[in-house]
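Undergrad: What shape does this take:
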Amino acid sequence: MCDVQQLLCDLGQTFNKFKELRRIELLKVLGQVRCCECGHRQRMLRARERAGKWPSRTLQLLTACFILMLALLICWLHLARRFNHAQTHGSGGCPPTLFYTYTDCDVYV
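TA: Here you go, the predicted structure:
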């Protein structure tokens with residue numbers, strides 16, 4: 001019985017040793033192989049990052065267009081006011097300044 005027990009222990013150790021060697025070899029082989037799934041995951045993350053930037057870029061573009069349109073509107077109103085004042089009072093009615101009001105301007109004809 002002792003010989004059989006010894007034989008079973010030796011066989012168990014041998015199988016465990018080869019099982020561990022197979023596991024180590026498998027890990028080495030897996031370390032050398034490119035991971036297609038990992039690459040796919042990285043590409044998906046990069047695509048998500050790019051997709052996340054488009055709404056912010058669109059928002060920036062819309063904001064810039066709105067600011068430009070607002071500046072053009074202010075410029076147009078300013079020029080229209082100067083034109084109307086020049087038509088009613090003449091070009092030398094008030095000295096022009098950057099921030100001027102025509103309410104306190106006395107025009108003598």
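Undergrad: mean confidence score for stretch 85-92?
TA: If you average the pLDDT over stretch 85-92, you get 70.
Undergrad: lowest-confidence helix or strand of this protein?
TA: Between all helices and strands in the chain, the lowest mean by mean pLDDT, DSSP states H and E belongs to helix 36-89, at a mean of 80.
Undergrad: Now do that helix: which elements does it pack against?
TA: If you count contacts as 3 or more CB pairs under 8 Å, 6 or more residues apart in numbering; DSSP states H and E, helix 36-89 packs onto no helix or strand. Any C-beta I mention is one placed from the backbone N, CA and C, and that applies to glycine too.
Undergrad: and residue 22, what helix or strand is that in?
TA: For residue 22, the host element (DSSP states H and E) is helix 2-32.
Undergrad: Tell me how many other residues surround residue 74.
TA: 10 (other CB atoms under 10 Å).
Undergrad: ok, it to residue 80 distance?
TA: 11 Å (CB to CB, to the nearest Å).
Undergrad: likewise residue 88?
TA: Taking CB to CB, one finds residue 88 at 13 Å from residue 80.
Undergrad: And for residue 87?
TA: From residue 87 over to residue 80 (counting by CB to CB), the distance is 11 Å.
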